[in-house]
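[1] sequence plus predicted model, see below.
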Amino acid sequence: MNKRLTVIFVLFALILPAALMAADGGLFDLKNVDVGNISEGEPAEFEVELRNITGSPLNINKVDTSCGCTIANAPKGPIAPGETARIHVTIDTRGKMGDISKELKLFTSGGRDPHVLTLKGRIEHFGDSLPDPSVIFQGECASCHVGDNIEQKQGAVLYNSVCFICHKNGLGGSSKASGDIDKIIAAGIPGTSMPGFSKEAGGPLSSEQLKALSTYVMSIYYPDR
C-alpha cells in the first residue's frame, strides 16, 4: 500500500513524548524534536510548539533552516514569558531515505545567539518504485547540493559543494576501494538517498570532475591507499 501522504504532526508542549527533550536554559523550552517516521515522496508538515522560558517577551524575527528542503515560518507578534508559539515546518522528502537531522536557527529579540532547534526523524519509502535521489539537483535543493557555477569547481571546493552537506561526519559505510568510490559517486546507490553525480545519471558533474572528486575523497578519507 502506498503511504505517500502528507504527514502532519502537531506537537503540544503539555503532551510531549520523551523524545522531545527540554533545553537546559536558553530562550525556549525545546532544543530537540523527534518527528518520528515520515513517508518519502510528499511534503511532511508539522508544527512545533515552543514556550518562552525567559522573563521577557520575545519576538522571533527570522528562522533559518540548515538546507533548502526545509521551510519554517516564524509566528508574528511577541511571545509573553511562559506563553507558547508554534513554528510551522515543511520538509521536502522526495528522494530521501533513512535518518534525517535538520536545524532551525531562531533569531529573536532576545539579543543573544539564535536558539537552535534540531529536528530528527526517519524517512521511509513505500511502494514498488525506488525513490529518485536526483531531485536534489533540482529547485531549492540544488542551491545546497550543487551551488553556483558547479562546472568551474574542482578539489576541495567541489567536495564542499556537492558532498559535505550530507557527509559532515564522514562517508559512513561507503567502500574504501577507489573503484567502488568512483562508481558510487558517478552512479549513486540504488534504494538509498545517494544519487549519481554523473551527467548520465542526471547529475551535474563531468567525467573530469568525477575523477577529481573521487581522487580528493580518497586523499582525505583513505590517505594510505
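    Nice, thanks for sending it over.
[2] in terms of secondary structure, what does whichever helix in the chain runs longest contact?
    Criterion DSSP state H: the longest helix present in the chain is helix 207-221. Applying 3 or more C-beta pairs under 8 Å, 6 or more residues apart in numbering; DSSP states H and E, we find helix 207-221 packed against helix 155-162, helix 178-187. The way it works is simple: take the backbone N, C-alpha and C, and place the C-beta from them, glycine included.
[3] report the angle between it and helix 155-162.
    Angular relation of helix 207-221 and helix 155-162 on a 0 to 180 degree scale: 100 degrees, by axes from the mean of the first three to the mean of the last three C-alpha atoms, to 10 degrees.
[4] list the buried residues for helix 207-221?
    Within helix 207-221, the residues that count as buried by 16 or more other C-beta atoms under 10 Å are 209-210, 212-214, 216-218.
[5] buried sites along stretch 138-149?
    By neighbour count with 16+ other C-beta under 10 Å, stretch 138-149 contains the buried residues 141-142, 144-147.
[6] what of stretch 160-170?
    Using 16+ other C-beta under 10 Å as the test for burial, stretch 160-170 gives 161-163, 165-166.
[7] closest one of the residues you listed to residue 59?
    residue 165 (29.9 Å; C-beta to C-beta).
[8] tell me the contacts of that closest one?
    Residue 165 sits next to 67, 144-145 when contact means C-beta atoms under 8 Å, 6 or more residues apart in numbering.
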